[in-house]
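J.: sequence and computational prediction follow.
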Protein chains: 2
Amino acid sequence: MQKTSARLLALLSLLQARRDWPGALLAERLRVSPRTVRRDVERLRELGYPIATFKGPDGGYRLDAGTQLPPLLFDDDQAVALAVALQLATTSGVGVEEAAVRALHTVRQVMPVRLRHRVDGLQVTAVERPGTPQVSGDVLMALGAAVHAREVLRFTYTSQETRRVEPYHLVARGGRWYLVAWDLDRDDWRVFRADRISPRTPTGPRFSPRQLPGGDVAAFVTGRFRGSDGTVGWPCRGEVILDLPAAVVSRHTHDGVVEELGPDRCRLVLGSWSWTALAAAFGRFDADIEVVGPADLRDAFALLAHRYATAARTAPTPEQGGGRTG
Amino acid sequence: MQKTSARLLALLSLLQARRDWPGALLAERLRVSPRTVRRDVERLRELGYPIATFKGPDGGYRLDAGTQLPPLLFDDDQAVALAVALQLATTSGVGVEEAAVRALHTVRQVMPVRLRHRVDGLQVTAVERPGTPQVSGDVLMALGAAVHAREVLRFTYTSQETRRVEPYHLVARGGRWYLVAWDLDRDDWRVFRADRISPRTPTGPRFSPRQLPGGDVAAFVTGRFRGSDGTVGWPCRGEVILDLPAAVVSRHTHDGVVEELGPDRCRLVLGSWSWTALAAAFGRFDADIEVVGPADLRDAFALLAHRYATAARTAPTPEQGGGRTG
DNA sequence: GAGGAAGCGGACAGGGTTTGACCGCTTCTC
DNA sequence: GAGAAGCGGTCAAACCCTGTCCGCTTCCTC
């Protein structure tokens, strides 16, 4: 058994996948002692692979990009990932369903039988969730290409205004696609919905990249959705104070901003498409509510109070079923 | 220097560089006996490399995959699908993130340059949406395998009850994973959340497949979510009548059951995790509410009416921002 | 500037692996 | 049917690989 060679190949594959690998983690993954990992790294270096190492915390090993690698093979995990990913792509919101099916089929063919079985055993039915807009693969390609080439992008947004932006990142989140870009006309960072973008050709000149505030795209986008601006995008938004720990509240809210005010007290900002809906949304937390504002929200609370009181007065129909767990 | 591993990698390179290699030549190049070459080839095969051999004169060894004429003939669409799917898999809710990255690298390697560029041009940042439970790849594999093998599956659900089911389909929907199965204990079709399943080994005997009502899994699952049984699974569920067209209501609800009662009147059944939350959920529709039942729901409406009235009486703080569109 | 986290690499013993040699068999082509 | 090429079993001896132990260095943080 050539455990060593296999491990060396696996090590290469791992080093490819991730920017920095601490030695201890690699040791765990490869099921050997850290000492052996060091030896393996040394071996690969002797074989000509440029593996850099960074000391100190956050250090680890890194395979320099642009390396000519031996043909690596799929391992079990990759097979599963392929099967899952490609079958899931059916609901990615990108028009690649059929291509994904074909790609899976193609890849399957170059797999060893064992992995092929693994893939075959994992048949997934992907069910589209209603309300997710579709992005065409071509648009996505165009956006991706502009990002990659660092070329100024011109596009029509929401089929009206034309924008000029420096595109930085293509982001997928919860079935939707976004383009993170610097808006040249407004001089600010913006997150555009990819499904509303119609790129115009040709793309503009190259730009020199700017620093994204915070540096981390994921954090930036998440921030746009739930950070201090997490509730923009809704026509109505308002703020209340709840007699609940912040932790409890944030467990039940996905799109608002929760701020701790005390052990059993927190501030909550939510957004919704109407004042009534917004007021109702605050009701889901079983706690007393103190409205901070705006006045529209207060009015909505008053309205709902009246409506709920009326509802509570309607005659009971006892035969209706109660709760039930499935 | 570990000769063996180095030689194995060298052998891979050689096989990659040239179409056919007679064993004797390889032996000479690698400075080992022909016997060792045969062993090396065997080793590579054990590692999964598809090395074909041709006997007779002009015979020799050939690496099937990874050569520049790979059987991996992706077209542009497949390349895009792979790139999208695998980068997206990061947020699939399955623990395959790193494996997906590696898989993408692996296929990338055996692609023609043009497609490789295409893949490289489409870099996606996948942002996880909070609140989506993770399913382990192993569990998914186990479920998939049982479905594939048509074997009765035993598992612990929500870490308490043990179930015996005939598994039929693995379904992904909106970032969550479900198992559609026939529950042997309750004698009925059920949809289980994969993240709550802990499969138990071994799986039971084979079963002969049943006909899924309706025949279409996608339709079946969608039906479970918004159809006649869409509200099971919640600890509390209740029913109201709204003064709104059914169409308007169903546009704003994804998990309840809407039934038309007239042009401007409909019945709505919803589920939630508490009576208060349930009552609040009904409030999001801007219309008068008539409670059908159960009594708990009515009480919750009364409670909320009082709470909302109190909230509406708190002193306004005018400087709070109003609505805004992004 | 002290402490700690992380990587480096020497030494060593025990145990598993690898190699070349030899050999008889099979398969394919001419 | 002969010859070329690959297949694979067996064996003993050489080889190497691994985990453990340990003292050093580097770099970050407090």
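T.: Sure, I can see it. No experiment lies behind these values; they were computed from the predicted model shown. Numbers count the residues shown, from 1 in each chain, chains lettered A, B, ... in the order given.

J.: which strands or helices does the helix or strand that contains residue A:298 pack on?
T.: Residue A:298 is located in helix A:295-313, with elements delineated by DSSP states H and E. Helix A:295-313 sits against strand A:236-242, helix A:275-282, strand A:289-293, strand B:289-293, helix B:295-313, with contacts defined as 3 or more C-beta pairs under 8 Å, 6 or more residues apart in numbering or on different chains; DSSP states H and E. Every residue, glycine included, has its C-beta placed from N, CA and C.

J.: tell me which of these is the most buried.
T.: Across those, averaging neighbours per residue (mean count of other C-beta atoms under 10 Å in any protein chain shown) puts helix A:275-282 on top, at a mean of 26.

J.: quick one: neighbours of the closest residue to DNA strand C within chain A, just the number.
T.: Proximity to DNA strand C, evaluated over chain A using C-beta to the nearest atom of the strand, is greatest for residue A:23 at 3.2 Å. Applying other C-beta atoms under 10 Å in any protein chain shown, we find 16 other residues in the vicinity of residue A:23.

J.: what does the stretch 1-150 of chain A have sitting close to DNA strand C?
T.: Residues of the stretch 1-150 of chain A found near DNA strand C, taking C-beta under 7 Å from any atom of the strand as the criterion, are A:1-5, A:22-24, A:34-35, A:38, A:41-42, A:53, A:55-57, A:59-61.

J.: kindly report the domain assignment for chain A.
T.: Following automatic domain parsing, one gets these domains for chain A: A:3-63, A:76-120, A:137-220, A:236-312.

J.: residue A:125 reaches residue B:178, doesn't it?
T.: No - counting by C-beta atoms under 8 Å, residue A:125 does not reach residue B:178; the two are 9.2 Å apart.

J.: those two - which one has more neighbours?
T.: With neighbours defined as other C-beta under 10 Å, residue A:125 and residue B:178 compare such that residue B:178 has more, 25 against 19.

J.: direction included, what does the helix or strand hosting the more buried one pair up with?
T.: If you go by DSSP H and E, residue B:178 is part of strand B:176-183. Sheet partners assigned to strand B:176-183 using DSSP bridges are listed as strand B:161-173 (antiparallel), strand B:188-193 (antiparallel).

J.: avg pLDDT for the longest one?
T.: Throughout strand B:161-173, pLDDT has a mean value of 89.

J.: same deal with stretch A:281-292?
T.: Confidence over stretch A:281-292, taken as the mean pLDDT, stands at 78.

J.: just stretch A:21-37 next, same as before
T.: Throughout stretch A:21-37, pLDDT has a mean value of 88.

J.: check whether it comes near chain B.
T.: No - between stretch A:21-37 and chain B, judged by C-beta under 8 Å from any C-beta of the partner chain, nothing touches; the nearest distance is 9.4 Å.

J.: pick the most deeply packed of the strands paired with strand B:176-183.
T.: Comparing those on average neighbours per residue, with mean count of other C-beta under 10 Å, the densest one is strand B:161-173 at a mean of 20.

J.: quick one: contacts for the nearest residue to residue A:63 once chain neighbours are set aside?
T.: Taking C-beta to C-beta, 6 or more residues apart in numbering or on different chains as the measure, residue A:63 lies nearest to residue A:15, with 3.9 Å between them; neighbours along the chain are not counted. Residues counted as contacts of residue A:15 (C-beta atoms under 8 Å, 6 or more residues apart in numbering or on different chains) are A:21, A:51, A:61, A:62, A:63.

J.: show me where chain A has its helices.
T.: Assigned helices in chain A, in chain order: A:3-17, A:23-30, A:34-46, A:76-88, A:97-109, A:113-120, A:137-149, A:217-226, A:246-251, A:275-282, A:295-313 (criterion: DSSP state H).

J.: worst mean pLDDT among these?
T.: If you rank those by mean pLDDT, helix A:246-251 sits at the bottom with a mean of 66.

J.: what's the overlap in contacts for residue A:125 and residue B:178?
T.: Counting by C-beta under 8 Å, 6+ apart, the shared contacts of residue A:125 and residue B:178 are B:170, B:171, B:172, B:221.

J.: please name the nearest non-neighbouring residue to the third one.
T.: Read that as residue B:172. Taking C-beta to C-beta, 6+ apart as the measure, residue B:172 lies nearest to residue A:126, with 4.9 Å between them; neighbours along the chain are not counted.

J.: how near is that neighbour to residue B:169?
T.: As judged by C-beta to C-beta, to the nearest Å, residue A:126 and residue B:169 stand 11 Å apart.

J.: now the common contact residues for the two.
T.: With C-beta under 8 Å, 6+ apart as the test, residue A:126 and residue B:169 reach no residue in common.

J.: shouldn't the residue nearest to residue B:172 be in contact with residue A:86?
T.: No - under the criterion of C-beta under 8 Å, residue A:126 makes no contact with residue A:86, lying 10.1 Å away.

J.: need the helices of chain A in TSV (columns: distance to residue B:302).
T.: Output for the helices of chain A, formatted as TSV (distance: least, C-beta to C-beta, whole Å):
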stretch	distance to residue B:302
helix A:3-17	57
helix A:23-30	56
helix A:34-46	64
helix A:76-88	45
helix A:97-109	49
helix A:113-120	56
helix A:137-149	51
helix A:217-226	33
helix A:246-251	23
helix A:275-282	16
helix A:295-313	4
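
J.: any idea which of those helices gets closest to DNA strand D?
T.: Among the helices of chain A, the nearest to DNA strand D by C-beta to the nearest atom of the strand is helix A:34-46 (3.2 Å).

J.: how about the closest one, does it get close to DNA strand D?
T.: Yes - counting by C-beta under 7 Å from any atom of the strand, DNA strand D is contacted by helix A:34-46 at A:35, A:36, A:39, A:40, A:43.
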